[in-house]
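Trainee: This is the structure alone, sequence omitted:
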C-alpha cells in the first residue's frame, strides 16, 4: 500500500532526463569495478525512482553484484566480443558433434572439442591478464566454468553477449525494461 504522497508522486509526470539512456547506464554498471557495483546500482535505482520509474528502480535494485570471475567474463565480452561469439559458436558445434557421437558418428567430436578448449584457454588467459591489470584475482577454473555455464544457458548466453552477467541468469535473470 502506497502512502498518499507516494501515489501523488507516482501520478505526477517526472522528467526522464534523470535516466536518459537506461541501456547505457546498465552497460556502465556492469563495466565498473566490482567494488563500486552496489553504490552505482543504488544510485541508478534512486535516479529511476526520482524519474517516476518505480518498477524499473525496483528491478535495478534487485540486480546482483557479479562475482569477480563473472565480472572478468563481462569484461572479456566487452573487450573481445568476437572471441566470445566464437566460443559460443564452438560450443554449439561441440553440442552437435556430441549428439552425432551418440549416433555413432564420432569424427567431428575431437575437432569440436579441441576448438572449444582452445577458445576457453585463450579467453581464460585474457581474463587472468585483465584481473592482474585491475588488481583483482580469481581462480582461473572459475573463469572457465563461468564461461562454460554462460555459454550453455540461453539466458546466460544473452547476458554474456550483453556483458551483463551477474550469476542471476541461471536463476531466471530479471530483465530491466525501458518502459514501466
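Mentor: Happy to help now that I have it. Everything numeric in this text was worked out from a predicted model, so none of it was measured. Residues are numbered from 1 along each chain as shown.
Trainee: Relative to residue 151, how far out is residue 57?
Mentor: 32 Å (C-beta to C-beta, to the nearest Å). C-beta: built from backbone N, CA, C; applies to glycine.
Trainee: which residues touch the residue nearest to residue 64 when sequence neighbours are not counted?
Mentor: Leaving aside its chain neighbours, residue 64 sits nearest to residue 166 (4.5 Å; criterion: C-beta to C-beta, 6 or more residues apart in numbering). Listed by C-beta atoms under 8 Å, 6 or more residues apart in numbering, the contact partners of residue 166 are 30, 63, 64, 65, 66, 70, 159, 173.
Trainee: List the buried residues of the longest helix anywhere in the chain.
Mentor: Ranked by residue count and defined by DSSP state H, the top helix of the chain is helix 107-134. For helix 107-134, burial by neighbour count (16 or more other C-beta atoms under 10 Å) applies to 109, 112-113, 115-116, 119-120, 123-124, 126-128, 130-131.
Trainee: and what of stretch 54-69?
Mentor: For stretch 54-69, a neighbour-count test (16+ other C-beta under 10 Å) marks 56, 57, 59, 60, 63, 65, 66, 67, 68, 69 as buried.
Trainee: Just send these back as TSV, with secondary structure too.
Mentor: Below are the buried residues of stretch 54-69 laid out as TSV (DSSP: H, G, I helix; E, B strand; the rest coil):
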residue	secondary structure
56	helix
57	helix
59	helix
60	helix
63	coil
65	coil
66	coil
67	coil
68	helix
69	helix
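Trainee: Which one of these is nearest to residue 2?
Mentor: residue 57 (13.8 Å; C-beta to C-beta).
Trainee: residues contacting that closest one?
Mentor: By C-beta under 8 Å, 6+ apart, the contact set of residue 57 is 45, 46, 48, 49.
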